[in-house]
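In: I would like the atomic coordinates for the input below:
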Amino acid sequence: MTRLLIQGVGGMPDLPASSACHPELRAKRGSEGTAVAWASPQQCAIHDSRSRIHEPRTTEGDKLREECGVVAIHGHPDAARETYLGLYALQHRGQESAGIATADGQRLANIKGMGLVSEIFTDDVLAKLPGNMAIGHTRYSTTGDSALLNAQPIRVESTKGLMAIAHNGNLVNLGNLRLKLEHEGAYFQTTSDSEIIVQLIAHSQASTLVDAIADSLSQVEGAFSLVMMTRDRIFAARDPRGFRPLSMGRIKNAGAPDTVIFASETCAFDLLRAEFVRDVLPGELVMVTEDGVTSRQYASGVAQASCIFEHVYFSRPDSRVFGRWVQESRDRMGRQLARESGVPADVVVPVPDSGVTAALGYAEEAGLPFRFGLIRNHYVGRTFIEPEQRVRDFGVRLKLNPVHNLLEGKRVVLIDDSIIRGTTCRKIVRMVRGAGAKEVHLRISCPPTTSPCFYGVDTPSKRDLIAANHSIEEIRQFIEADSLAYLSLEGLLASCDGGEGNQFCVACYTGNYPTKWIDVDEILPATATL
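Out: Next comes the predicted model:
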């Protein structure tokens, strides 16, 4: 049975922001095996301002991972179910935990658990979440009890009232802020960045909640697209640089006020039959009440630095992100890649699913046939039993299988979106060659990833990034390809520019970070041996 953290349902007490780590608050077992989690002192460890660096936890260890996606609904009689559907559309942004909080003007309930959205939110669980407002969150995180505690939305009772918050991104000055807040008497129930914002709101001297939120957001540095909810209001905000996407949509209701929706990607609107209205602007705070939508600019004069990897890999190709269709950007990446590093070949094969759109563009530009020479098993779970006698490259073979008759005797151009450590790419190249390919030419639809991200992406340290420590020729030899080429930075920027006027963060390719706060230890290069 999926373990859930339940708050505000069936008379369960709140976790006050001022006593979230009180020694009396202990983990308790609820009815029917449901875990009602309370924070113990041991679980309230200090987050030390380091970027969250994780070892790969799936068989796709050579991919960067977005930390989360958020949804908010205001003015819908079945807000919990609408939020569930929105999170379902954003499942690609995080598969380890999910949560939904709802409000009905009086109560604010919150249920979250480990697993996929569909595993956590059954009909019985959704029935415990009444209200016409809701916020939701899906997250890529570690496993175990600490991850359940850090799953979002985070719901706390503070001096500014009861509130819940869900956040996409990463704060880079949270260490200093946390130390400052603890000196002021704050206790923390999680190690999540999001709770820093809640505590800043609770300790703000501003007289109104809106002013307190604006005051808090102006103190944090880094990436955040967040949604917040009180008993009767929804808030949405983006950081001043606009690192992470957040869009606003609307469902028109005959004879009733419109339903207002916020989501990390517009693909969530399609499932909800909502129309796209606009992006939340960098540095903007939007408030939705029964009286309508209002907004204020809490920060301005900061250069935009939206994450370009949203267009390279993270976002779904059917989403409109930063005002531009992701499908269009990826198609142009493939075309530009063919112009920059074309090679005589017989067939273009994508690494599914992330390489498909760029491979289509490459094939059309190069005048080569496009074929699905690798078939992905979409039904592999997050855990599996490996054979007693380990099979070479078992994890990759479990998820991908070559189509021998399409590859045998062919010169293959293999298209993928990125190389991080290089280990998975090597296994895929071996697989294609083992299926009889005469030549394997690997083409990557972005520049070499040479620096870690501190803005909400699960990234290895620089010492673990293969392109930070080795030349392209050394990488080619390691992955055993006949040739290797990356898309140039200029080509990537041109591919993502359709006249929208965006300015992108490309720190993962250049090492030039748009914020002052970074973790120096994680950007130190290391001598690595292939």
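In: Look at stretch 259-269 and report the distance between its end residues.
Out: Stretch 259-269 has an end-to-end distance of 12 Å (Cα to Cα, to the nearest Å).
In: If you count neighbours, what's buried in the lengthiest helix in the chain?
Out: Determined from DSSP state H, the single longest helix within the chain is helix 326-341. Within helix 326-341, the residues that count as buried by 16 or more other Cβ atoms under 10 Å are 326-338, 341. Bear in mind the C-beta positions are built from the backbone N, C-alpha and C, glycine included.
In: just checking, what packs against it?
Out: helix 356-366, strand 439-444, strand 483-486, helix 489-495 (3 or more Cβ pairs under 8 Å, 6 or more residues apart in numbering; DSSP states H and E).
In: could the ones you listed go into JSON lines alongside distance to residue 136, mean pLDDT and mean neighbour count?
Out: Formatted as JSON lines, those follow (distance: least, Cβ to Cβ, whole Å; pLDDT from 0 to 100; neighbours: other Cβ atoms under 10 Å):
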{"stretch": "helix 356-366", "distance to residue 136": "27", "mean pLDDT": "98", "mean neighbour count": "23"}
{"stretch": "strand 439-444", "distance to residue 136": "34", "mean pLDDT": "98", "mean neighbour count": "24"}
{"stretch": "strand 483-486", "distance to residue 136": "36", "mean pLDDT": "98", "mean neighbour count": "20"}
{"stretch": "helix 489-495", "distance to residue 136": "32", "mean pLDDT": "98", "mean neighbour count": "18"}
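In: mind giving me JSON lines with the ones you listed and columns for distance to residue 265?
Out: Putting the helices and strands packed on helix 326-341 into JSON lines (distance: least, Cβ to Cβ, whole Å) gives the following:
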{"stretch": "helix 356-366", "distance to residue 265": "15"}
{"stretch": "strand 439-444", "distance to residue 265": "23"}
{"stretch": "strand 483-486", "distance to residue 265": "26"}
{"stretch": "helix 489-495", "distance to residue 265": "19"}
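In: any idea which of the buried residues of helix 326-341 is closest to residue 356?
Out: Proximity of the buried residues of helix 326-341 to residue 356 (Cβ to Cβ) peaks at residue 330, which lies at 8.4 Å.
In: List the contacts of stretch 112-123.
Out: Residues outside stretch 112-123 that contact it (Cβ atoms under 8 Å, 6 or more residues apart in numbering): 2-5, 80, 84, 87-88, 91, 95-100, 111, 137-138, 143, 147-148, 151-153.
In: Tell me the gap between stretch 240-253 and the middle of its chain.
Out: Centroid separation for stretch 240-253 versus its chain: 15 Å, with Cα atoms, centre = their mean, to the nearest Å.
In: looking only at pLDDT, what's the mean for it?
Out: The average pLDDT for stretch 240-253 rounds to 97.
In: which residues does residue 195 contact?
Out: Taking Cβ under 8 Å, 6+ apart as the criterion, residue 195 is in contact with 154, 156, 188-189.
In: residue ranges for the helices of the stretch 151-300 of the chain, please.
Out: Remark: helices assigned in the stretch 151-300 of the chain by DSSP state H, counting those that start in this stretch are 174-183, 193-203, 209-217, 267-272.
In: any idea of the mean pLDDT in the longest one?
Out: In this case it means helix 193-203. Averaged across helix 193-203, the pLDDT comes to 86.
In: okay, the angle between it and helix 174-183?
Out: 40 degrees (axes from the mean of the first three to the mean of the last three Cα atoms, to 10 degrees).
In: With only the CA atoms kept, save helix 193-203 in PDB.
Out: The C-alpha coordinates for helix 193-203 follow below in PDB (Å, rounded to 0.1, in the frame of the first residue of the first chain):
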ATOM      1  CA  ASP A 193      13.800  24.900   0.000                       C
ATOM      2  CA  SER A 194      10.000  25.600  -0.100                       C
ATOM      3  CA  GLU A 195       9.800  25.800   3.700                       C
ATOM      4  CA  ILE A 196      12.300  28.600   3.700                       C
ATOM      5  CA  ILE A 197       9.800  30.800   1.800                       C
ATOM      6  CA  VAL A 198       7.000  29.800   4.200                       C
ATOM      7  CA  GLN A 199       9.200  30.700   7.200                       C
ATOM      8  CA  LEU A 200      10.200  34.100   5.600                       C
ATOM      9  CA  ILE A 201       6.500  34.800   5.100                       C
ATOM     10  CA  ALA A 202       5.700  33.900   8.700                       C
ATOM     11  CA  HIS A 203       8.500  36.100  10.000                       C
END
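In: before we move on, back to that, for the longest helix of the chain, output the C-alpha coordinates as CSV.
Out: Only the C-alpha atoms of helix 326-341 are listed here, as CSV (Å, rounded to 0.1, in the frame of the first residue of the first chain):
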residue,chain,number,x,y,z
VAL,A,326,9.2,23.1,-27.6
GLN,A,327,8.5,20.9,-30.6
GLU,A,328,9.6,23.7,-32.9
SER,A,329,12.9,24.3,-31.0
ARG,A,330,13.8,20.7,-31.0
ASP,A,331,13.1,20.3,-34.7
ARG,A,332,15.4,23.2,-35.4
MET,A,333,18.1,21.8,-33.2
GLY,A,334,18.1,18.6,-35.3
ARG,A,335,18.2,20.6,-38.5
GLN,A,336,21.1,22.8,-37.3
LEU,A,337,22.9,19.7,-36.1
ALA,A,338,22.7,18.2,-39.6
ARG,A,339,24.1,21.4,-41.1
GLU,A,340,26.9,21.6,-38.6
SER,A,341,28.0,17.9,-38.4
